[in-house]
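A.B. asks: Here's a sequence, model it:
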Amino acid sequence: MAEFKPANTGSSIDMKGYLHKWTNYLKGYQKRWFVLSNGVLSYYRNHSEMSHTCRGSIRLQGAIIHADESCTFALSNSGSNTFHLKAANEAERQKWITAIELAKSKVIRQQDLEDEEEYDNNAGDSSDNKNIDEMIKSLTSKFNDVQTCTELLTRHYTALTKAIADTESTISTALEKPQEVTAKIKALNERSALFRLTSGAVLRAATDYLHLVEKDGKRWLKQMTYEHEQRGRLQQMVEQLARQHSSLEQAAKFRVSKLPNSSTGTSAHSDDDEGEFYDAQDENEFVVQVPLIGHRRSSSGISFTSLASEGRGAGVENEGESSSDNEEGDTTISVIARRNKSPIAAAEDVAVSNGTVAPVTSSSAMPAAKKRQRRTRIPDKPYKPLNLWSIMRNCIGKELTKIPMPVNFSEPLSMLQRLVEDYEYSEILDKAAMASDSCEQLAYVAAFTVSSYATTSNRTAKPFNPLLGETYELDRTDDLGWKCISEQVSHHPPVVAQHCESKNWICHQEFSMTSSFKGKYLQVKPLGMTHLTFLSSGNRYTWKKVTTNVNNIILGKLWVDHHGDMEIVNHKTGDKCALKFIPYSYFSPSEQRKVTGAVMNAKRELVWVLNGTWDNKMEASKVAEKRSQVKGKQVLETEAPVVVWQRRWPPLEAEKYYNFSEFACQLNELEEGVAPTDSRLRPDQRLMEEGDWDQSNEKKESLENKQRATRRARELEAELAAQEGRPVPQYEPIWFKKEMEPITNSVHHLYKGGYWECKEKQNWSVCPDIF
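C.D. replies: Residues are numbered from 1 along each chain as shown. Model prediction:
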């Protein structure tokens, strides 16, 4: 039985004691010493380790508690860290959950108080700050004098009123008791004198306060005028630097265009590529990053170990050594693959071949049923100049997700709608569902994951942050064959749960992210995992999104880049695909925004290679049954490459309406019968789309204040419940439920059903009032 020791009242430790923590399937639950302190839950092997060794910890600010059985519960921090715990009995478990909820609410409230405090203006020097402090002290002293004199005046007025009443009462007996009347009149005169003196003191104190305010007010006005002029000059300098940067950028592009072979390797549709200084590469060759596995052989009889050893002497780039002979390490080896046919001839041959990837077209998944007429564009974006410096000054030292950004930096879509854009090229999944070979299917899934990044090449605006409980539905069964429901299930941290289903596949994900400002760029790291299941084959895939950088935050034109490694795993067959998003570089010898990949079967044999860019297209090539050496480098011969994804570019006029594609324009189109919490009905977002940005900013602030008030009421209720020993009420999403995901062994928000049934009946009684 676990030893339970509640902390002392005066200690910084809220609770401590023994719990059993799940370690692995071999050891199961192990007894550990847990300490809850300062919003962090830490654990040790035993009590004596507290002074020197911490085995692990989890911050409660963004944590989610999931109660399983009578004695067990789980604590998850946005999927990145999860504790599975078991108490000795149900009462002990409830004590821990109550203490954790109370500590979490305290941390969140403290953070909110810090966020709501105005950040000090550091623009002035130390002497100005000193003068301001002195003025504040003087005004405070004078105001206190006025307040003190006013209190005295009130007391003397009360005494004077009483003396007048007493005098009046004795007038009737003036003839009988003249001495008493004389005493009353004397007392009245004394009270009157005190009242007169006090009134004079109040008048003098108020006059002094007024003179001081007038005197210091002139100094404040002068200083504010100076600060305003300084801000104006600084803004002009920033604008001048931006113009100079743009001129230099155009000059660099012009100089590069005059160099030989300078046009090869750039995207025909991209105007963000800023002068790449590299030589053209043979269009029939490309480099693929292949994970280095132990002593395995490919279907062409090629051992990856032998490739590595030969590559060291034959010019193949080797980036490190394998960490184990039997386990996959972090080391990769570059392999060159050659196209043995022209793309046009290859496409003709592949179209009639069996068991080979066929090209994907935009209408491959379109049924013959009658389609609903949808809009193809939205109103043009109005021109609204904005003082950038005044906004940045209020953002210093604050987390990005808690900065009240005006709509000028946004686009008229919420994050819920932006995530649905992942399915713009859902026809790739329909084609993958028809593939008979699991590795071929995996190649399609990899192309689908890359296609979700295409829209970011020319869209840098920030989507609206959803309110807690906000939902979004999109039913495209009439033309695309799928329908999707999304919900904001958590606010601290912000978490979106999404479920999309088709007759061929089901895809669901839980999305969150962390962001950090790096000076010149903003880095966004997505959290959570995407799950995809094909109904006919039962193949189930999982993957995580890569890191995103938003560049030129201060100067120049904003542009987005994606980089990192993505692993897509088929949990049924063991097949894997390793995708590498290559970071942008001025001096890269390859095409910018490049993505390469390798599909391997369960035996770690290389079967397919992928090559392309995340903003234009992806190609897949099947590895042939031979190998050779070209110019001293190992070369894998491949079959003809086939385009597995091709981007549908928006029209040129899309720049007028936020660079939206036709699919994006349809996301916020009004529809009848949706839930009252749907993003289409959000008033500030609708006002922005219609061009009324001023009203949109006012409505946005009103909605955020309403959400804060609701959250504080919920936190207060949680505190009262914790103090009274009652179970702490937790926020429950409407359409999703926290459950244990068997594949990842983590708590995940899964769709519990009921939305489409409620829509059919038009029964939205379970929906909260958030707008």
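A.B. asks: For Arg374, see how far away the residue lying closest to Glu101 once chain neighbours are set aside is.
C.D. replies: Excluding the flanking residues, the one nearest Glu101 by C-beta to C-beta, 6 or more residues apart in numbering is Val728, at 3.9 Å. (Each C-beta comes from the backbone N, C-alpha and C, glycine too.) Using C-beta to C-beta, to the nearest Å, we find Val728 at a distance of 45 Å from Arg374.
A.B. asks: So those two - more neighbours on which side?
C.D. replies: The neighbour count for Val728 versus Arg374, taken as other C-beta atoms under 10 Å, is higher for Val728 (20 against 14).
A.B. asks: so that one touches Leu716, yeah?
C.D. replies: No - here Val728 does not reach Leu716: they are 11.8 Å apart, not a contact under C-beta atoms under 8 Å.
A.B. asks: any idea which element the residue nearest to Glu101 lies in?
C.D. replies: Under DSSP states H and E, no helix or strand contains Val728.
A.B. asks: residue contacts, it?
C.D. replies: By C-beta atoms under 8 Å, 6 or more residues apart in numbering, the residues touching Val728 are 97-98, 101-102, 718, 721-722.
A.B. asks: so how far is Thr23 from it?
C.D. replies: If you go by C-beta to C-beta, the gap between Val728 and Thr23 works out to 27 Å.
A.B. asks: hmm, back to that, what's the residue nearest to Glu101 sitting at in phi/psi?
C.D. replies: Backbone torsions for Val728, taken as degrees, to the nearest 10, come to phi -80, psi 120.
A.B. asks: distance of it from Pro768?
C.D. replies: Distance check for Val728 against Pro768: by C-beta to C-beta, it reads 19 Å.
A.B. asks: And Gly28, by the same measure?
C.D. replies: From Gly28 to Pro768 the distance is 41 Å (C-beta to C-beta).
A.B. asks: Show me which of the two is the more surrounded one.
C.D. replies: Pro768 (13 against 10).
A.B. asks: So the closest residue in space to that one that isn't next to it in sequence: helix, strand or coil?
C.D. replies: Distance criterion C-beta to C-beta, 6+ apart; nearest residue to Pro768, sequence neighbours excluded, is Gly469 at 5.0 Å. Secondary structure state of Gly469, per DSSP: H, G, I helix; E, B strand; the rest coil, is coil.
A.B. asks: Before we move on, what's the pLDDT of Gly469?
C.D. replies: pLDDT recorded at Gly469 is 93.
A.B. asks: Touching, it and Glu487? I think so.
C.D. replies: Yes - using C-beta under 8 Å, Gly469 makes contact with Glu487 at a distance of 7.3 Å.
A.B. asks: list the residues that contact both of those two?
C.D. replies: By C-beta under 8 Å, 6+ apart, the residues touching both Gly469 and Glu487 are 733-734.
A.B. asks: who's more crowded, these two?
C.D. replies: Glu487 (27 against 19).
A.B. asks: Between the two ends of stretch 415-432, how far is it?
C.D. replies: 27 Å (C-alpha to C-alpha, to the nearest Å).
A.B. asks: quick check, distance from it to the centre of its chain.
C.D. replies: Distance of stretch 415-432 from the chain centroid (C-alpha atoms, centre = their mean, to the nearest Å) equals 19 Å.
A.B. asks: average pLDDT across that stretch?
C.D. replies: Average pLDDT, stretch 415-432: 95.
A.B. asks: now swap in stretch 659-668 and tell me
C.D. replies: Across stretch 659-668, pLDDT averages out at 94.
A.B. asks: so what's Ala432 up against?
C.D. replies: Contacts of Ala432 by C-beta under 8 Å, 6+ apart are 441, 444-445, 448, 505, 534.
A.B. asks: and the residues you listed, which are buried?
C.D. replies: Listed as buried from the contacts of Ala432 are 441, 444-445, 448, 505, 534; burial here means 16 or more other C-beta atoms under 10 Å.
A.B. asks: Counting neighbours, what do you get for Ile554?
C.D. replies: 12.
A.B. asks: So the residue nearest to it when sequence neighbours are not counted versus Arg32, what's the distance?
C.D. replies: Once flanking residues are discounted, Ile554 sits nearest to Lys520: 7.0 Å by C-beta to C-beta, 6+ apart. Look at Lys520 and Arg32: by C-beta to C-beta, they are 43 Å apart.
A.B. asks: neighbour count winner among those two?
C.D. replies: Set Lys520 next to Arg32 and count neighbours by other C-beta under 10 Å: Arg32 wins out with 21 against 12.
A.B. asks: Let me know the pLDDT of the more buried one.
C.D. replies: pLDDT, Arg32: 92.
A.B. asks: got the CA coordinates for the one helix or strand it maps to in CSV?
C.D. replies: Assessed by DSSP H and E, Arg32 sits inside strand 28-37. Output of strand 28-37 as CSV, limited to C-alpha atoms (Å, rounded to 0.1, in the frame of the first residue of the first chain):
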residue,chain,number,x,y,z
GLY,A,28,4.4,-2.9,-15.2
TYR,A,29,3.6,-0.4,-12.3
GLN,A,30,6.5,0.5,-10.1
LYS,A,31,6.4,2.3,-6.7
ARG,A,32,7.7,5.9,-6.9
TRP,A,33,7.8,8.9,-4.6
PHE,A,34,5.8,11.8,-6.0
VAL,A,35,6.0,15.5,-5.0
LEU,A,36,3.5,18.2,-6.1
SER,A,37,5.0,21.6,-5.7
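A.B. asks: Neighbouring strands - and their directions - for it?
C.D. replies: strand 13-24 (antiparallel), strand 40-44 (antiparallel) (DSSP bridges).
A.B. asks: Outside of the last one itself, list whatever touches it.
C.D. replies: Outside strand 40-44, the residues within contact range by C-beta under 8 Å, 6+ apart are 19, 21, 32-35, 50, 53-60, 63, 75, 83, 100.
A.B. asks: and with 7 Å instead?
C.D. replies: 21, 32-35, 50, 53-60, 75, 100 (C-beta atoms under 7 Å, 6 or more residues apart in numbering).
A.B. asks: ok, which stretches of the protein are helices?
C.D. replies: 90-116, 126-171, 178-257, 304-314, 343-352, 388-393, 415-420, 427-433, 438-451, 662-665, 683-689, 693-724, 755-761 (DSSP state H).
A.B. asks: which one of these is the most hemmed in?
C.D. replies: Stretch with highest mean neighbour count among these: helix 438-451 (a mean of 25; mean count of other C-beta atoms under 10 Å).
A.B. asks: Could I get the full set of strands for the stretch 401-550 of the chain?
C.D. replies: For the stretch 401-550 of the chain, strands defined by DSSP state E, counting those that start in this stretch occupy the ranges 410-414, 462-464, 471-476, 482-490, 495-502, 505-517, 521-527, 530-534, 540-543, 547-551.
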